[in-house]
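Participant: Quick one, fold the following:
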Amino acid sequence: MAGVILLLVAGLVYATPLAGSATVFELHPAQSHVVFTLTALLHTIHGTFRVKQGSLRLDPVHGVVSGVCVVDATSGDTGNRGRDRKMHTEVLASQWYPDIVFSPVLLRGAVAAQGTSTVQVDCTFSIAGTSHHLTVTVVVRISGDSFTISTDFLVPYVQWGLPDPSTFLLTVGKQVQVHFEASGRIMR
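Facilitator: Here you go, the predicted model:
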């Protein structure tokens, strides 16, 4: 669902001081994706969302993080037209709320200037007109001026007040497993 996620913090994770300057992480939407999994009676539903844009700014000297990662809520696709129509009209209301937005709030941990790091990111996750606090573990890989990030997390959509699409004959899980991968360029 909110697969999006996330991308989410692609760039807020650069924690090595850079002589007082901020670092900007620009995501490449075509090289980023969100995959989601929802359990259902007798089968599992898999789907995807496209990433629209993402740019995050980190001032490692002052510990300030800002920016957003935007996922196209209208792009949600499970390969089943009827199920997708229900997801868009009844659950996500994507005609009224076309964006799923992740905004970083806090970074815990340090990201190496090169190589692989794992950090915790607190963010605001906005979906279907409501915002929620979410903490995710992000794996960051930096090589030269390029980066990739990945994260896995659960979206408890029913607990967050989104409609449960279950029917009398078909019940689905009350949370969605999200996998987010993104890549981009570091602007120094």
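
Participant: those helices in this structure, which residues are they?
Facilitator: For the chain, the helices defined by DSSP state H occupy 81-86.

Participant: Identify each buried residue in whichever strand in it runs longest, please.
Facilitator: Longest strand of the chain, by residue count under DSSP state E: strand 43-59. Residues of strand 43-59 classed as buried: 45, 47, 49-59 (neighbour count, 16 or more other C-beta atoms under 10 Å). Every C-beta, even on glycine, is put in place using the N, C-alpha and C of the backbone.

Participant: cool, and stretch 105-123?
Facilitator: Applying 16+ other C-beta under 10 Å to stretch 105-123 flags 107, 111, 117, 119, 121, 123 as buried.

Participant: likewise stretch 133-151?
Facilitator: The neighbour-count check on stretch 133-151 (16+ other C-beta under 10 Å) flags 134, 136, 138, 140-142, 147-151 as buried.

Participant: Which members of those residues are the farthest-apart pair?
Facilitator: Across the buried residues of stretch 133-151, the longest distance by C-beta to C-beta is 23.3 Å; it joins 134 and 142.

Participant: Looking at residue 110 now. What's its pLDDT?
Facilitator: pLDDT, residue 110: 77.

Participant: quick one: it from residue 92, how far?
Facilitator: 36 Å (C-beta to C-beta, to the nearest Å).

Participant: Then residue 182?
Facilitator: For residue 182 relative to residue 92 (C-beta to C-beta), the value is 21 Å.

Participant: Those two - which one has more neighbours?
Facilitator: A direct count of neighbours by other C-beta atoms under 10 Å for residue 182 and residue 92 places residue 182 higher, at 29 against 25.

Participant: Would you reformat the buried residues of stretch 105-123 as TSV and include distance to residue 175?
Facilitator: Shown next, in TSV, are these (distance: C-beta to C-beta, whole Å):
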residue	distance to residue 175
107	25
111	28
117	27
119	23
121	19
123	17
